[in-house]
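Colleague: 3D model of this:
(2 chains)
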Protein chains: 2
Amino acid sequence: MASKLASSPNSLLLQNPIRQNLPLKPDSSAANFANFATQNKPISIRCSATSTAPVSSIPATQDPEGRVFNFAAGPAILPANVLKKAQAELYNWRGSGMSVMEMSHRGKEFLSIIQKAEADLRALLNIPEDFAVLFLQGGATTQFAMIPLNLCKPDDQVDYVVTGSWGDKAFKEAQKFCKPKVIWSGKSENYTKIPSFDGLEQSPYAKYLHICANETIHGVEFKDYPTPKNGILVADMSSNFCSKPVDVSKFGLIYAGAQKNVGPSGVTIVIIKKDLIGNAQEITPVMLDYKIHADNNSLYNTPPCYGIYTCGLVFEDLLAQGGLSEVEKKNTKKAELLYHAIDESNGFYSCPVEKSVRSLMNVPFTLEKSDLEAEFIKEAAKEQMVQLKGHRSVGGMRASIYNAMPLAGVEKLVAFMKDFQARHT
Amino acid sequence: MASKLASSPNSLLLQNPIRQNLPLKPDSSAANFANFATQNKPISIRCSATSTAPVSSIPATQDPEGRVFNFAAGPAILPANVLKKAQAELYNWRGSGMSVMEMSHRGKEFLSIIQKAEADLRALLNIPEDFAVLFLQGGATTQFAMIPLNLCKPDDQVDYVVTGSWGDKAFKEAQKFCKPKVIWSGKSENYTKIPSFDGLEQSPYAKYLHICANETIHGVEFKDYPTPKNGILVADMSSNFCSKPVDVSKFGLIYAGAQKNVGPSGVTIVIIKKDLIGNAQEITPVMLDYKIHADNNSLYNTPPCYGIYTCGLVFEDLLAQGGLSEVEKKNTKKAELLYHAIDESNGFYSCPVEKSVRSLMNVPFTLEKSDLEAEFIKEAAKEQMVQLKGHRSVGGMRASIYNAMPLAGVEKLVAFMKDFQARHT
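Modeller: All right, here's what the predicted structure looks like:
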């Protein structure tokens, strides 16, 4: 694919010397994006050669509805059709005479919403009957405490494989509530690897083995899963939840903040084997006890209703796309396109992550000439590609290309990267 | 006002015998509301005599936009203009090219939203500089644990005045983390009173005195506040937050779930004196530590961004109305109208709460002929007045008339109550 890109007519277009003389105004406000696009319409970047779609379907620089391509790591881009549906229904949901935001969480309207959301999620991930699905609050960070509080006694051993910042945070929080051990850490290699499962020295009595299935900041992703020697497998899937099929039965507990692939922030989804529920430590706050939420179908207290509703719209959309196998194909195609562009840049761009475990969702990369990174980010923003700055803890760039990022967004980014490179080599 | 109502021409209209023969279809779906309204347009209930507004401004039974009057206790009615603004901006927030749901919580757009929300809330409640304002998750129920975890050591004494179910829940949760004592309970009188402050036997070393400023289920509201002998005053204001001016400086900590007066569910607002922050117990989960959130301006983890945005729109609206003094006037007028209707019904309706402490927000009432209650609720729903059923723990009816409930909604309810009474006596 890389050579195909290099030989496309568009790569000549993108190297058009006129572009190098464009005045690049400071990125002072979102309004500037639109101004810039209007001024420069004649030389809009196109990237049809990277797509199988007809030329006419490739967006010009300026989306007719003014939408940008949002590469943020989370909260993140949501499907345009989901947002439009939410917008249409916001004031008066399906003849109910009220917004979903105004509905009693115990009324029949909202019950139908949360029950459908759960049913659709169960269908998407083929969740077995002996697993509960909970819609909670507080993000993955709350789960970092909730998991040991519910699955362990204070003296219990648990194992953590730490492949990035989030796994490390989960480990540190668990120290308050049990005896966690880091049995592998990628820190000395800047979190660019996933360990070989054979070599993991698991604690013989560990109650669980914790992994972060996709590290949002470092861009490393488990492609397969280790088998716990004792206890169960627990996975933080916040940033790759519903991005591909997962065999839920391999896990005891899966958790995910919604704000990457499936909804707005403020909803946390927990999928937990039912026989693990009901053993919380005495010091567990009622809101951090899985049993309370499971016994009450996530309605013990007022749940984040509007967020759950939006997640439900996303689940519907994922099912309509053909389910997670189809979604994975699209994600693979987008990721391959971007990683190829990086790898074929002769070192102008580079991604530090070991190739076999590169994330389909979060693509960190750096510039050989690191002093150009700020300009890269600024120019990309002027082309309606925003939030490309890497996490403050690692620098560089990061393109988060979640389910809702269209292929056209990645194509445009790749075209821009080639153009930028041509202008700076 | 009651006698004025009784002698108004409308009270004759409302007793129109034709109404008694109306076929009342089963309340099977929201769609029925609209059908019913259309069928019965000629005899729409009007209640202009209870209002100073001209007749033409009183809504007919069928709102032209299909909105119902939603008397739910929370999540609850939101201002129509706020919902319309949210709807207009949902797909592309103010030229940013994205929805608020898609924005990075660390991007300049969302920072402007959360900072304005905080500034507007500070203006509304005149919050002193030595108080922090936090936007959290997990509802008041999470605060029930978070407060003792942050303000107490395990052996510390704290006092609870229990005036309803929520205060009782707060007390029970605190038992996990300190030594709480119920120094007064209204339980034996079915939670219909607020105690005299002089008679409270406060513990001499109590770290705090906890009250629930408005009990959503029982409809009792503190009209003034006790002074702690030792320590600070802590108040759950979930169901009367921003319904009237409050002297924040009298409190050490005020907390409120947003989903009554100021936004959708999933946002919890905490106003805490800064010098109380930083003493959390060692077993405190990081997400339950006020210091973490205060040090990070509520952005330690991903906050419930869309909920905070909506709260911000409500704060703007409350300021535009003239602030909380003006809002309180409107709330007082609505509540007086409804309580008068109950008290002047010759016992057909009754409210058990002591008159001096009746809530401006939640009005529980029963029918003398309790076997008519189901019919009352069903008929009201057919007239687009929904969620009037009392909490499952107490039965009867409850009309929650939060800030966003228009006077017209209360007028319509009162007119309906008179009509219903006329048809059943």
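Colleague: Can you pull the residues of the stretch 101-250 of chain A lying near chain B?
Modeller: Selection of the stretch 101-250 of chain A residues close to chain B by Cβ under 8 Å from any Cβ of the partner chain yields A:101-105, A:107, A:109, A:137-142, A:144-146, A:149, A:173, A:176-177. In short, each C-beta sits where N, CA and C put it, glycine included.
Colleague: List the contacts of the nearest residue in space to residue A:321 that is not next to it in sequence.
Modeller: The shortest distance from residue A:321 to any non-neighbouring residue, by Cβ to Cβ, 6 or more residues apart in numbering or on different chains, is to residue A:327 (5.9 Å). Residues in contact with residue A:327 (Cβ atoms under 8 Å, 6 or more residues apart in numbering or on different chains) are A:242, A:243, A:244, A:318, A:321, A:403.
Colleague: For residue A:327, give me phi and psi.
Modeller: When read as degrees, to the nearest 10, the backbone of residue A:327 gives phi -60, psi -40.
Colleague: Could I get the contacts of residue A:327 in JSON lines, plus columns for neighbour count and secondary structure?
Modeller: Below are the contacts of residue A:327 laid out as JSON lines (neighbours: other Cβ atoms under 10 Å in any protein chain shown; DSSP: H, G, I helix; E, B strand; the rest coil):
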{"residue": "A:242", "neighbour count": "26", "secondary structure": "coil"}
{"residue": "A:243", "neighbour count": "27", "secondary structure": "coil"}
{"residue": "A:244", "neighbour count": "18", "secondary structure": "coil"}
{"residue": "A:318", "neighbour count": "26", "secondary structure": "helix"}
{"residue": "A:321", "neighbour count": "15", "secondary structure": "coil"}
{"residue": "A:403", "neighbour count": "28", "secondary structure": "coil"}
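Colleague: wait, which of these is closest to residue B:367?
Modeller: residue A:318 (48.0 Å; Cβ to Cβ).
Colleague: For that closest one, list the residues it contacts.
Modeller: So residue A:318 contacts A:124, A:242, A:324, A:327, A:403 (Cβ under 8 Å, 6+ apart).
Colleague: Residue A:130 too?
Modeller: Contacts of residue A:130 by Cβ under 8 Å, 6+ apart are A:273, A:274, A:275.
Colleague: Kindly report the same for residue A:248.
Modeller: A:125, A:126, A:127, A:128, A:131, A:254, A:271.
Colleague: Assign the last one to helix, strand or coil.
Modeller: The three-state label given to residue A:271 by DSSP: H, G, I helix; E, B strand; the rest coil is strand.
Colleague: what pLDDT does it get?
Modeller: Residue A:271 is assigned 98 on the pLDDT scale.
Colleague: Next, count neighbours for it.
Modeller: 24 (other Cβ atoms under 10 Å in any protein chain shown).
Colleague: Torsion angles phi and psi at residue A:392?
Modeller: phi -60, psi -20.
Colleague: Same question for residue A:88.
Modeller: According to degrees, to the nearest 10, residue A:88 has phi -60, psi -30.
Colleague: Neighbours of it, how many?
Modeller: The burial count for residue A:88: 14, using other Cβ under 10 Å.
Colleague: Give me the pLDDT value at it.
Modeller: 97.
Colleague: now do the one 4 residues further on
Modeller: Reading off the per-residue confidence, residue A:92 sits at a pLDDT of 96.
Colleague: And the closest residue to residue A:179 other than its chain neighbours, how close does it get to residue B:309?
Modeller: Nearest residue to residue A:179, sequence neighbours excluded (Cβ to Cβ, 6+ apart): residue A:157, at 5.0 Å. Per Cβ to Cβ, to the nearest Å, residue A:157 is found 43 Å from residue B:309.
Colleague: next one: residue A:329
Modeller: Taken as Cβ to Cβ, the span from residue A:329 to residue B:309 is 34 Å.
Colleague: got a list of what the residue in the stretch 301-425 of chain A that chain B sits nearest to touches?
Modeller: Closest contact between the stretch 301-425 of chain A and chain B, by Cβ to the nearest Cβ, is at residue A:304 (3.1 Å). By Cβ under 8 Å, 6+ apart, residue A:304 lies in contact with A:135, A:137, A:266, A:267, B:137, B:264, B:265, B:266, B:304, B:307.
Colleague: Show the backbone phi and psi for residue A:381.
Modeller: For residue A:381, the backbone dihedrals are phi -60, psi -40 (criterion: degrees, to the nearest 10).
Colleague: now, among the contacts of residue A:248, which is nearest to residue A:349?
Modeller: residue A:254 (33.1 Å).
Colleague: how many other residues sit next to whichever residue of the stretch 101-250 of chain A sits closest to chain B?
Modeller: Proximity of the stretch 101-250 of chain A to chain B (Cβ to the nearest Cβ) peaks at residue A:145, 3.4 Å away. Neighbour count of residue A:145, defined by other Cβ under 10 Å: 24.
Colleague: and if you look at residue A:85?
Modeller: Neighbour tally, residue A:85, other Cβ under 10 Å: 15.
Colleague: Does the one helix or strand it maps to reach chain B?
Modeller: If you go by DSSP states H and E, residue A:85 is part of helix A:80-89. Yes. With Cβ under 8 Å from any Cβ as the measure, helix A:80-89 is seen reaching chain B through A:80, A:83, A:84, A:86, A:87.
Colleague: Residue B:91 is in contact with the third one, correct?
Modeller: Translated: residue A:84. Yes. Using Cβ atoms under 8 Å, residue A:84 is in contact with residue B:91, at 6.3 Å.
Colleague: higher neighbour count, those two?
Modeller: Using other Cβ under 10 Å, the more surrounded residue of residue A:84 and residue B:91 is residue B:91, with 19 against 14.
Colleague: From chain A, how far off is that one?
Modeller: In this structure, residue B:91 and chain A are 5 Å apart, going by Cβ to the nearest Cβ, to the nearest Å.
Colleague: now that residue, what's its secondary structure?
Modeller: Strictly by three-state DSSP, residue B:91 counts as coil.
Colleague: again with residue A:182
Modeller: strand.
Colleague: That one: what's it in contact with?
Modeller: Counting by Cβ under 8 Å, 6+ apart, the residues that residue A:182 touches are A:160, A:161, A:162, A:171.
Colleague: quick one: which of these sit in helices?
Modeller: Using DSSP state H, the subset of the contacts of residue A:182 located in helices is residue A:171.
Colleague: Where do the domain boundaries of chain A fall?
Modeller: A:81-321, A:323-423 (the TED database).
Colleague: Using neighbour counts, pick out the buried residues of the helix or strand that contains residue A:234.
Modeller: Using DSSP H and E, residue A:234 sits in strand A:232-236. For strand A:232-236, the neighbour count (16 or more other Cβ atoms under 10 Å in any protein chain shown) marks A:232, A:233, A:234, A:235, A:236 as buried.
Colleague: neighbouring contacts of that strand?
Modeller: Strand A:232-236 is contacted from outside by A:140, A:143, A:147, A:151, A:166-167, A:170, A:207-213, A:222, A:225-227, A:250-256, A:273, A:276, using Cβ under 8 Å, 6+ apart.
Colleague: So which of the residues you listed sit within strands?
Modeller: A:208, A:209, A:210, A:211, A:212, A:253, A:254, A:255, A:256, A:273 (DSSP state E).
Colleague: For the first one, give me its contacts.
Modeller: Contact criterion Cβ under 8 Å, 6+ apart gives A:147, A:151, A:152, A:158, A:159, A:228, A:231, A:232, A:233, A:234, A:252, A:253 as the residues in contact with residue A:208.
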